[in-house]
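Visitor: Coordinates for the following, if possible.
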Amino acid sequence: MYIALGIAVVVILIVVVLYNSLIAKKNEVTNVFGTIDALLKKRYELLPKLIATVKVYMEHEKSLLEEVTRMRAQAVSGTLSDDQQVELDNKLSKMLGGIMVAVENYPDLKANQNFLQLQRTMNEVEEQISAARRAYNAVVTTYNNAVEMFPTNMVAATMGYKLKKVFEISEDQRRDIDAEKLFKS
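Guide: This next block holds a predicted model:
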């Protein structure tokens with residue numbers, strides 16, 4: 001009888017430890033995503049200023065600027081899940097890269113003080129986002145490992161925990177940059 005009671009206590013303790021470990025991992029993912037979310041909001045606040053500044057010069061890239069504006073509105077709507085936010089951020093990062101490459105074709109814009117200040121601020125925010133993405137991907141990997149590995153996977157399944165997406169670059173972003181486009185005058 002004492003042996004059965006001892007085994008039951010050990011099993012309960014193991015389940016509690018596994019449960020608490022999963023909760024801690026989930027909360028860590030939520031915390032780091034909150035950091036990314038705050039930085040993305042900072043980026044979204046800069047976008048209207050950047051678009052207003054470059055719109056004067058970049059008539060040919062009007063559709064690109066309109067698409068960035070549309071994506072920003074979607075991002076700040078508050079209706080996106082974490083996974084949708086990750087996907088939208090990947091698309092928006094690509095679009096911003098396109099704007100910065102297009103800037104090379106506008107010498108007056110490159111010399112504009114407002115633009116230069118916005119560009120410095122945007123670069124700073126992008127570096128912070130990049131660092132936060134690395135931290136997020138690390139905690140998501142740890143969380144995903146716990147969701148998939150035995151024995152925590154059994155507890156995770158009963159709690160309804162699912163795998164989370166990491167921030168990844170798209171196939172377009174993996175390709176080499178076309179140097180001819182960058183240095184076109």
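
Visitor: Go ahead and measure how far stretch 9-18 is from the middle of the chain.
Guide: 35 Å (C-alpha atoms, centre = their mean, to the nearest Å).

Visitor: quick one: buried residues of that stretch?
Guide: Of all the residues in stretch 9-18, those buried under the rule 16 or more other C-beta atoms under 10 Å are residue 18. To be clear about C-beta, it is placed using only N, CA and C from the backbone, and glycine gets the same treatment.

Visitor: got it, and stretch 131-141?
Guide: Within stretch 131-141, the residues that count as buried by 16+ other C-beta under 10 Å are 132, 133, 136, 137, 139, 140.

Visitor: Beyond the helix or strand encompassing the fifth one, next helix or strand please.
Guide: Under the criterion of DSSP states H and E, residue 139 resides in helix 113-148. Using DSSP H and E, the helix or strand that directly follows helix 113-148 along the chain is helix 152-159.

Visitor: Enumerate every residue touching the residue nearest in space to the middle of the chain.
Guide: Nearest to the geometric centre of the chain sits residue 86, at 4.7 Å (C-alpha atoms, centre = their mean). Applying C-beta atoms under 8 Å, 6 or more residues apart in numbering to residue 86 gives the contacts 165, 166, 167.

Visitor: Now the helix or strand that contains it: buried residues?
Guide: Following DSSP H and E, one finds residue 86 within helix 82-103. By 16+ other C-beta under 10 Å, the buried positions in helix 82-103 come out as 82, 85-93, 95-96, 99-100, 102-103.

Visitor: what angle do that helix and helix 113-148 make?
Guide: Here helix 82-103 points in a direction 150 degrees away from that of helix 113-148 (axes from the mean of the first three to the mean of the last three C-alpha atoms, to 10 degrees).

Visitor: pLDDT (mean, whole number) over whichever helix or strand comes after helix 82-103?
Guide: Next along the chain after helix 82-103, taking DSSP H and E as the criterion, comes helix 107-111. Here helix 107-111 scores 83 as its mean pLDDT.

Visitor: where does the closest residue to residue 122 other than its chain neighbours fall, helix, sheet strand or coil?
Guide: Distance criterion C-beta to C-beta, 6 or more residues apart in numbering; nearest residue to residue 122, sequence neighbours excluded, is residue 46 at 5.7 Å. Secondary structure for residue 46, judged by DSSP: H, G, I helix; E, B strand; the rest coil, is helix.
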